[in-house]
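S.K.: Can you look at this prediction? I've put the sequence above it.
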Amino acid sequence: MELESSNKNGIFTIHRDLDGEIANTEFQEREQYIGLVIGQEEFLLAISTVREIVMLPPITYVPNSPEYIDGVINLRGTILPAINMRKVMRMSRGTGEGSTRIIIVRFEGLTFGLIVDGITYVVALLPQEIETQSLPGKGSGAEYISSVSKHGAKVTGILDLGRIVRAIAGDNITGENTETAA
């Protein structure tokens with residue numbers, strides 16, 4: 001029996017309770033996010049954009065690439081740009097520790113990798129736990145947060161992939177990189 005999912009690729013989606021019963025409708029109204037660490041800060045990213053998470057592979061430097069792009073990676077034969085989220089958020093360069101990961105995401109026909117310092121958890125939020133919020137501070141990284149989550153007493157910024165891509169590519173966003181990384 002196939003169940004509907006708001007996440008098209010089905011990863012990280014919970015369909016049943018622990019006892020095997022179909023999950024209640026309240027849970028199905030929630031949107032799922034993955035927690036990620038950039039520098040010492042924690043952010044959320046919509047799971048619907050995530051294709052996979054991989055260990056940090058070798059990165060090939062590309063001359064004259066935008067400042068945020070560390071280079072490209074070869075993921076099972078597909079060449080993908082690797083965007084360093086520390087640079088995007090105007091943080092000091094990381095050390096590439098064992099917890100560093102690349103989150104392979106898909107946005108408007110583009111597939112690319114986001115280099116982050118770590119992955120924390122997956123959270124499912126109700127619409128009332130998300131508040132659209134534009135934060136002041138051009139150049140501080142705050143312009144890449146489109147909303148914040150209010151889950152319990154914890155407030156966490158939610159990254160907006162559209163804003164990140166537009167900042168890096170400007171108006172030259174095309175769906176030319178249409179190969180999937182799966």
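M.R.: Received the coordinates, thanks. Worth saying up front: this structure is predicted, and the values here are computed from it rather than measured.
S.K.: Show the pLDDT at G98.
M.R.: G98 is assigned 79 on the pLDDT scale.
S.K.: Now it: which helix or strand?
M.R.: Here G98 sits in a region with no helix or strand, counting by DSSP states H and E.
S.K.: what's the neighbour count on it?
M.R.: A count of nearby residues for G98, using other CB atoms under 10 Å, gives 8. Yep, even glycine has a C-beta here, placed from its N, CA and C like the rest.
S.K.: Against V50, how distant is it?
M.R.: 21 Å (CB to CB, to the nearest Å).
S.K.: now swap in I104 and tell me
M.R.: 7 Å.
S.K.: now swap in R76 and tell me
M.R.: 17 Å.
S.K.: Between these two, which has more neighbouring residues?
M.R.: V50 (22 against 7).
S.K.: I'd assumed I102 was in contact with the more buried one.
M.R.: No: contact status for V50 versus I102: not in contact, 11.1 Å apart, counting by CB atoms under 8 Å.
S.K.: Secondary structure class of T120, three-state.
M.R.: strand (DSSP: H, G, I helix; E, B strand; the rest coil).
S.K.: Who does the closest residue in space to it that isn't next to it in sequence form a beta bridge with?
M.R.: Distances taken as CB to CB, 6 or more residues apart in numbering place G35 nearest to T120, at 3.5 Å, with adjacent residues excluded. Judged by DSSP bridges, the bridge partners of G35 are L44.
S.K.: pretty sure G35 contacts A124?
M.R.: No: at 11.9 Å, G35 and A124 do not qualify as touching, with contact defined as CB under 8 Å.
S.K.: Tell me the spacing between the closest residue to P57 other than its chain neighbours and I83.
M.R.: In space, and not counting its chain neighbours, P57 is closest to I73: 5.1 Å by CB to CB, 6+ apart. As for I73, its distance to I83 is 11 Å (criterion: CB to CB).
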